[in-house]
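# How does the following fold in three dimensions:
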Amino acid sequence: MIERLWGRIRFFRMTILIVLVILASVGVVTYVQIAVKSVEDELPLRVMQERRDMEQVARNFYSFLAVTDAAQVLPTKGNVESVRENLRVVAADLQRLRDRYTFDTLIGASALHAALSPTVDDVQIWIEEGFGDLPPSSPIVLELVATRARETLGQVLDKTAEADRIAYEILERQSGKLSLLRDQLIVPLVALVLMAAGMVWLASRQQRFAKRQAEAEAQTIRAQAQLQDAIESISEGFSLYDADDKLVICNSRYHEQLYPGMSDDVKPGTSFETVIRAAVERSLIDEVNDFESVDAWIETRLKRHRNPSGSFVQRRGRRKWFQISERRTEDGGYVAVYTDITEIKDREEELAEKSKALEQLSNQLAKYLSPQVYDSIFSGRQEVKITSSRKKLTIFFSDIADFTGLADRLESEELTQLLNHYLTEMSQIALDHGATIDKYVGDAILIFFGDPESKGVKEDAIACVEMAVAMRLRLDELAGIWRGNGIEKPLKCRMGINTGFCTVGNFGSEDRLDYTIIGGAVNTASRLESLATPGDILVSYETFAHVKEHIHCEEHGQAEIKGLAYPVATYRVIDTFATLDRQQRRFRAEQPALRVEIDLDAMTADDRQQALETLRQAHALLSKSDIAEMD
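Numbering: from 1, shown residues only. The predicted structure is shown next:
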């Protein structure tokens, strides 16, 4: 009875224990399932949300690149505004990535933000403010924007692929952690419940894993499809080769623009060398003709392909030009963008021809302007409009003495040739001294110093007088040349120089302007020139006061100038002090039947002795001639 009771008690206790264990097991299992479910649901949702956010950034970036390409083709105001709007969307997406995932990133959203932000920041500046002096709507700025976006495309692809890989690894690790948790909490509780539950759990786990794997594969397929759609939306040719230099993916423009009719040769798995060899065999690349052999070009192209260093231009068949931008990917592959720049090249050639024509025209126009005036106009320092200013200038007048008689003695062709030769020589001397040639009036020349460029009033005056001395010396040298050409009487010039305030600038009508000077100082210089003796240079006191320390002058008396109430003191220019010091060892004289030139510095002792003997003989000859005439 007691044993039976005790047995019942033990059975009851065991039953209670088993029930408690079962209830505890069921409770623990239920608790674990609830905990596991919450973890399983939370983590993948975060991963997928982050992945979707990254996809949105990539998708909007592709859209921005497509809109930029459209704006390059047709840079209207609407297209440029569309570029800005798409860029703002990409910037907003990046800001959202930074706010959400800077400190809580799972699959690399912050890395995508770091890779894309510099490009977006730079492009925002270019598209809003322009680049340098170029406006935002400039085709060059749009090309810079598109090129920068294409260069960033590889990073976007890399970061997206890296995110897929990390997401998959996170799901794998989480599944392992959940499995370990189940084993540690369920196995010690009850073997039988664990075995049954384990089978059910294993089946459900495999089912879930298979479902996740299918979802991951579907997501990968969708990502690949989205990538294909993205690169198809690019207006340029695009290609991606792996580390073994085998084609991974390309868009249709890569086929159509670069390798038309080569769909069988250009397909995934084909090596880059095979592709370019096939293109050369079909005469699709004109650049090959610039090399000694096909193999030499292929070697050069492969070296550039495998060691990319920025963009370069390639000439292909049918007068096509492409800009190729290649770079290495992080996994050792190669990504490239091929931009058709044929239209740009054609425009460059057209612009080069127009620039050449404009240059020829400007060179011809330059002959009608003083170089200083020409440079100031074409450099933008001086506007072509009616304007003038008061400046202190040094004015130079010259003309040929007895030019009317010379014109009567010479034929018009000879006179024209002589006058042009004279003006060319005098003008070159004037330009060498920094003068501004105002005009030619027949044989007369009007020159001034001090505008549009000036070294200072004193320096301008010295330069003007030194120029006049150089002209006089050159005329003496030209006299021998002209005499040999049949000009019996050498040309002699009168020169007048004055320093004073003048009005200088553009005078005339709105349709035709003349850059010249007017004023009393100009009239004074002209009057001094008319008073000068042929071969002499007359300067006013104003000019003499500036040059007296450098130029030797002699007083020439007072001159009455029409329009002035007082006489003007004049000075005759002898020469520069430096030249006079040298001329103490030189002698030169020239007459119609006699020419003597002595330079002691250029003569040796024997030369001087021989010259002295020659002069004695000449003296003796002249003495005998005088005696004979007296008899």
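
# what distance separates the start and the end of stretch 226-242?
Using CA to CA, to the nearest Å, the end-to-end distance of stretch 226-242 comes to 20 Å.

# Got the confidence number for the most centrally placed residue in the chain?
In the chain, the centroid-proximal residue (CA atoms, centre = their mean) is Gly132; its distance is 10.1 Å. Gly132 carries a pLDDT value of 75.

# Can you report phi and psi for it?
Gly132 has phi and psi values of phi 60, psi -120 when expressed as degrees, to the nearest 10.

# Check the one 10 residues further on too.
In this entry, Leu142 is assigned phi and psi values of phi -60, psi -40 (degrees, to the nearest 10).

# Okay, and the residue lying closest to it once chain neighbours are set aside sits in which element?
Nearest residue to Leu142 in three dimensions, chain neighbours excluded: Gln72, at 4.8 Å (CB to CB, 6 or more residues apart in numbering). Heads up, the C-betas are built off the backbone N, CA and C, glycines and all. Applying DSSP states H and E as the criterion places Gln72 in helix 2-73.

# Quick check: next helix or strand after that helix?
helix 77-101.

# That next one: which residues count as buried?
79-80, 82-84, 86-87, 89-91, 93-94, 97, 100-101 (16 or more other CB atoms under 10 Å).

# from those residues, which is closest to Ile125?
Checking those against Ile125 with CB to CB, the nearest one is Leu87 at 10.7 Å.

# can you map out the strands along the stretch 401-550 of the chain?
436-441, 444-449, 493-508, 513-518, 537-540 (DSSP state E, counting those that start in this stretch).

# wait, which of those strands is closest to Met426?
strand 444-449 (6.1 Å).

# May I have that closest one exported as PDB, CA atoms only?
What follows is strand 444-449 as a C-alpha-only set of coordinates in PDB (Å, rounded to 0.1, in the frame of the first residue of the first chain):
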ATOM      1  CA  ALA A 444      56.700 113.600 -94.200                       C
ATOM      2  CA  ILE A 445      56.500 111.500 -91.100                       C
ATOM      3  CA  LEU A 446      54.700 112.400 -87.800                       C
ATOM      4  CA  ILE A 447      55.900 110.500 -84.800                       C
ATOM      5  CA  PHE A 448      55.400 110.900 -81.100                       C
ATOM      6  CA  PHE A 449      56.500 109.400 -77.800                       C
END
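
# and that strand, what other elements does it pack with?
The contact analysis (3 or more CB pairs under 8 Å, 6 or more residues apart in numbering; DSSP states H and E) places strand 444-449 against strand 387-400, helix 412-432, strand 436-441, helix 457-484.

# Listing request: residues of the stretch 201-350 of the chain with sub-threshold pLDDT.
201-207, 210, 318 (pLDDT under 70).

# how about the strands in it?
So, for the stretch 201-350 of the chain - with DSSP E, counting those that start in this stretch - the strands run 237-241, 247-250, 310-316, 320-328, 334-340.

# For Lys267, give me its contacts.
Leu247 (CB atoms under 8 Å, 6 or more residues apart in numbering).

# ditto for Tyr440
Per CB under 8 Å, 6+ apart, neighbours of Tyr440: Leu423, Leu446.

# And it, how close does it get to His550?
28 Å (CB to CB, to the nearest Å).

# Same check on Leu142?
Relative to His550, and taking CB to CB, Leu142 is found at 60 Å.

# Comparing those two, which residue is more hemmed in?
Leu142 (25 against 14; other CB atoms under 10 Å).
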